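Q: I'd like to go over a predicted model; first the sequence, then the structure.
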Amino acid sequence: MKAAEKEAHDAHFTVDKQNIALWPREPPPKQALSLHPRKPLTIRVVLICLSLVVVASIVLQAILYPWFMGTISDVNTNAQMLKSRVDNMSTLGSEIEKNSGSVKVAGVQIQMVNASLDNVHSQVLILKTSVEKANAQIQSLRKTWEEVDHLNAKIPELKRDLDKASALNAMVRALQSRLDSINKLLRRQSDILQMVSQGWKFFRENFYYFSHISKTWYSAEQFCMSKDSHLTSVTSRDEQEFLYKGAGGLPNWIGLTKAGSEGKWYWVDDTPFNKESVRFWLPGEPNNVGNSEHCASIKVSSLQSWNDDSCDNKLLFICKQPYIQSEP
Ligand SMILES: [Ca+2]
């Protein structure tokens with residue numbers, strides 16, 4: 001401390017040309033004088049150092065160059081590998097893009113497949129429902145079939161019953177037919193009795209009415225028509241015999257007349273007048289006396305009993321009505 005204080009108190013200054021400098025008590029030695037003896041040593045040291053550095057660098061280069069070149073080679077190799085990988089990556093990228101499109105298409109197809117699967121699922125449900133219904137119907141049909149089998153087992157018995165029923169039906173039909181015949185006969189008898197009660201006689205499916213009063217031929221026909229009949233026709237020997245016997249020998253108008261003096265004889269009930277009827281005229285008749293005998297009568301009680309007579313004469317008469325079965 002004391003030496004420092006002493007040096008502080010002994011400070012000086014000099015003016016060298018334009019430079020002003022401060023220094024301690026003693027003025028510093030001039031540099032030109034102090035550096036001159038040290039310069040060669042320094043240069044040598046520096047040269048040595050530089051030589052050492054050069055040598056060291058050469059050695060280092062000799063050592064490191066192969067390693068460095070190898071490293072560079074490795075780096076190049078790695079760079080090429082990386083490049084190839086990058087190329088591969090770009091290729092993969094394009095493939096990925098392609099595959100991305102395929103994936104989208106596949107996604108759409110998957111959606112379509114899903115929709116189809118939904119549709120299939122709904123159809124499966126429908127089919128399931130249909131199958132259940134079909135099963136129910138099969139069960140129903142099976143029951144029905146069992147009932148049919150049961151009925152089939154009864155068929156022989158039913159057939160026997162049917163045979164019995166058929167026999168009974170035949171008997172019933174026969175009885176019904178007989179009953180119908182009986183009814184018909186009863187109706188016929190009833191009809192005949194009714195007509196007979198009114199004064200008619202029944203012979204060979206015809207009713208005959210023998211009058212008790214005398215009328216002209218035309219009035220007699222009018223009377224018969226009022227009773228749904230006509231003056232009688234004669235179509236057979238039996239009928240002729242029945243009529244003359246019924247007349248009892250008294251003259252009775254019959255339904256035989258002719259149109260005018262030269263006309264042909266005809267039956268008023270439209271029965272055809274055949275040659276068979278000619279045999280029932282009295283011998284010598286018809287003689288058409290006075291050209292005025294145009295109507296015929298049964299005159300006597302014999303097979304040949306017909307006489308032509310004047311239609312205006314009043315005689316008894318015979319009406320004839322065919323029998324027709326009355327409705328039940
Ligand atoms: Ca006559």
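A: Received, thanks.
Q: and the helix or strand where residue 318 lies, which residues are buried?
A: For residue 318, the enclosing helix or strand under DSSP states H and E is strand 316-322. Neighbour-count burial for strand 316-322, counted by 16 or more other Cβ atoms under 10 Å, picks out 316, 317, 318, 319, 320, 321. In this view, the C-beta of every residue, glycine as well, is placed from N, C-alpha and C.
Q: My guess is residue 224 contacts residue 317. True?
A: Yes - using Cβ atoms under 8 Å, residue 224 is in contact with residue 317, at 7.3 Å.
Q: anything in contact with each of these two?
A: residue 231 (Cβ atoms under 8 Å, 6 or more residues apart in numbering).
Q: what's the distance between the residue in the stretch 201-328 of the chain positioned nearest to the ion and residue 110?
A: Distances between the stretch 201-328 of the chain and the ion by Cβ to the ion are smallest at residue 308, namely 4.0 Å. Distance of residue 308 to residue 110, computed by Cβ to Cβ, to the nearest Å: 126 Å.
Q: between those two, who's got more neighbours?
A: Each of residue 308 and residue 110 has its neighbours counted (other Cβ atoms under 10 Å); residue 308 has more, 23 against 12.
Q: Local confidence estimate at that one?
A: Residue 308 is assigned a pLDDT of 95 by the prediction.
Q: now do the one 5 residues further on
A: Looking at residue 313, its pLDDT reads 98.
Q: likewise residue 142?
A: 91.
Q: and what of residue 274?
A: At residue 274, the pLDDT recorded in the model is 81.
Q: Next, work out how far apart it and residue 267 are.
A: 10 Å.
Q: more crowded one of these two?
A: More neighbours surround residue 267 than the other of residue 274 and residue 267, with 22 against 9 (other Cβ under 10 Å).
Q: quick one: residue 160 and residue 328, what's the gap?
A: In terms of Cβ to Cβ, residue 160 sits 37 Å off from residue 328.
Q: scratch that, residue 81
A: Residue 81 is 129 Å from residue 328, by Cβ to Cβ.
Q: Residue 90 now?
A: Taken as Cβ to Cβ, the span from residue 90 to residue 328 is 118 Å.
Q: Give me every residue in the chain that's in contact range of the ion.
A: 285, 287, 293, 307, 308 (Cβ under 5 Å from the ion).
Q: give the contact list for the first one.
A: For residue 285, the set of contacting residues under the criterion of Cβ under 8 Å, 6+ apart consists of 306, 307, 308.
Q: Checking it next. Helix, strand or coil?
A: Applying DSSP: H, G, I helix; E, B strand; the rest coil to residue 285 yields a three-state assignment of coil.
Q: The fourth one too?
A: Taking three-state DSSP as the rule, one finds residue 307 in the strand state.
Q: Name the residues linked to it by a beta bridge.
A: Counting by DSSP bridges, residue 307 is bridged to residue 297.
Q: Check whatever residue of the stretch 1-150 of the chain ends up closest to the ion and give its pLDDT.
A: Nearest to the ion, among the residues of the stretch 1-150 of the chain, is residue 148, at 89.1 Å (Cβ to the ion). On pLDDT, residue 148 comes in at 84.
Q: Make sure residue 124 is indeed in a strand.
A: No - Residue 124: not assigned to a strand; according to three-state DSSP it is helix.
Q: how close does it sit to residue 45?
A: 103 Å.
Q: So residue 250 is in contact with residue 316, correct?
A: Yes - using Cβ under 8 Å, residue 250 makes contact with residue 316 at a distance of 5.7 Å.
Q: need the strands for the protein, in chain order.
A: In the chain, strands defined by DSSP state E lie at 12-16, 19-23, 201-203, 206-210, 230-231, 252-258, 265-267, 293-298, 306-310, 316-322, listed in chain order.
Q: And for residue 273, the neighbour number?
A: Neighbour tally, residue 273, other Cβ under 10 Å: 16.
Q: what does the one 4 residues further on give?
A: Residue 277 has 20 neighbours, counted by other Cβ under 10 Å.
Q: low pLDDT regions in the stretch 151-300 of the chain?
A: 260-262 (pLDDT under 70).
Q: rerun at 90
A: For the stretch 151-300 of the chain, the stretches with pLDDT under 90 are 151-158, 161, 259-264, 273-279.
Q: contacting residues for residue 234?
A: Counted by Cβ under 8 Å, 6+ apart, residue 234 has contacts 240, 243, 254, 256, 277, 280.
Q: Make sure the last one is actually in contact with residue 306.
A: Right, the one you point to is residue 280. Yes - using Cβ under 8 Å, residue 280 makes contact with residue 306 at a distance of 5.0 Å.
Q: overlap in contacts of the two?
A: Contact criterion Cβ under 8 Å, 6+ apart; no residue bridges residue 280 and residue 306 by contacting each.
Q: which residues of the stretch 151-300 of the chain fall in helices?
A: Ranges of helices in the stretch 151-300 of the chain, per DSSP state H, counting those that start in this stretch, are 217-226, 237-247.
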